[in-house]
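> Sharing a model prediction with you, sequence too.
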Amino acid sequence: MQKPAGKVLALIFWDQDGILLIDYLPKGQTINTDYYSSLLVQLKDTLKEEHQRKVTKGVLFLHDNAPAHQALATQKKLAYLDFQCLDHPPYYLDLAPSDYHLFPGLKKQLKGHHFLSDVEVIAATETWLDGQPSEFF
């Protein structure tokens, strides 16, 4: 018997047109302020390189109330990157689009499959995300 793949944590940044950036957390790594801040820089670089036409008046940014998101260092990084952070009120289902829109469909697609490696999980995830029509986002 082969040992199945473990859990894979994906951090997905997306907008109304689709996926902007996906990061898969390395094994043994935790999401802390430094890690999250480095992702914000990557997101800004992605927006600058690939989506420059979209960003004409700045970026409105919505994320949840996780500790790494609310830390002072993260808030300073968001300000430095010129991201305007929208307040995320707790318990509003329509304002947690990843938890209530993006991830349920992905979970449904992956349910029941047995993956032998993280690479297989990542490939299946990206295949599903790439297959979503623009109206989905």
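The structure has been received and is ready for your questions.
> Grab the most central residue of this protein for me.
Nearest to the geometric centre of the chain sits Ile12, at 1.7 Å (C-alpha atoms, centre = their mean).
> who are the neighbours in contact with that one?
Shown in contact with Ile12 (C-beta atoms under 8 Å, 6 or more residues apart in numbering): 19, 21-22, 98, 102, 129. The C-beta positions use only the backbone N, C-alpha and C, and glycine is treated the same way.
> Can you turn the buried part of these into a ChimeraX selection?
Here the buried members of the contacts of Ile12 are turned into a ChimeraX selection, burial being counted by 16 or more other C-beta atoms under 10 Å:
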select :21,98,102,129
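> So which of the contacts of Ile12 sits lowest on pLDDT?
Least confident of the contacts of Ile12 in the model: Ser98, at 78.
> Can you find the helix or strand in the protein with the smallest mean pLDDT?
Least confident helix or strand of the chain, by mean pLDDT, DSSP states H and E, is helix 97 with a mean of 67.
> returning to that earlier point: and the residue nearest to the centre of the chain, which helix or strand is it part of?
If you go by DSSP states H and E, Ile12 is part of strand 10-15.
> Which neighbouring elements make contact with the longest helix anywhere in the chain?
When the chain is parsed with DSSP state H, its longest helix is helix 33-50. Here helix 33-50 touches strand 10-15, strand 18-24, helix 67-70, helix 72-80, going by 3 or more C-beta pairs under 8 Å, 6 or more residues apart in numbering; DSSP states H and E.
> tell me the angle of the last one relative to helix 33-50?
Helix 72-80 runs at 20 degrees relative to helix 33-50, counting by axes from the mean of the first three to the mean of the last three C-alpha atoms, to 10 degrees.
> re earlier: and the longest helix of the chain with strand 18-24, angle?
Calculated by the same axes, to 10 degrees, helix 33-50 forms an angle of 140 degrees with strand 18-24.
> Render the CA-only coordinates of helix 33-50 in PDB, please.
Only the C-alpha atoms of helix 33-50 are listed here, as PDB (Å, rounded to 0.1, in the frame of the first residue of the first chain):
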ATOM      1  CA  THR A  33       2.800  37.700   9.400                       C
ATOM      2  CA  ASP A  34       6.100  37.400   7.500                       C
ATOM      3  CA  TYR A  35       4.800  34.600   5.200                       C
ATOM      4  CA  TYR A  36       1.500  36.400   4.500                       C
ATOM      5  CA  SER A  37       3.300  39.700   3.900                       C
ATOM      6  CA  SER A  38       5.600  38.100   1.400                       C
ATOM      7  CA  LEU A  39       2.500  36.800  -0.400                       C
ATOM      8  CA  LEU A  40       1.000  40.200  -0.500                       C
ATOM      9  CA  VAL A  41       4.200  41.400  -2.300                       C
ATOM     10  CA  GLN A  42       3.900  38.600  -4.800                       C
ATOM     11  CA  LEU A  43       0.300  39.500  -5.400                       C
ATOM     12  CA  LYS A  44       1.200  43.200  -6.000                       C
ATOM     13  CA  ASP A  45       3.900  42.000  -8.500                       C
ATOM     14  CA  THR A  46       1.400  39.800 -10.200                       C
ATOM     15  CA  LEU A  47      -1.100  42.600 -10.500                       C
ATOM     16  CA  LYS A  48       1.600  44.900 -11.800                       C
ATOM     17  CA  GLU A  49       2.900  42.500 -14.400                       C
ATOM     18  CA  GLU A  50      -0.200  40.600 -15.600                       C
END
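> Right, I'll leave it there.
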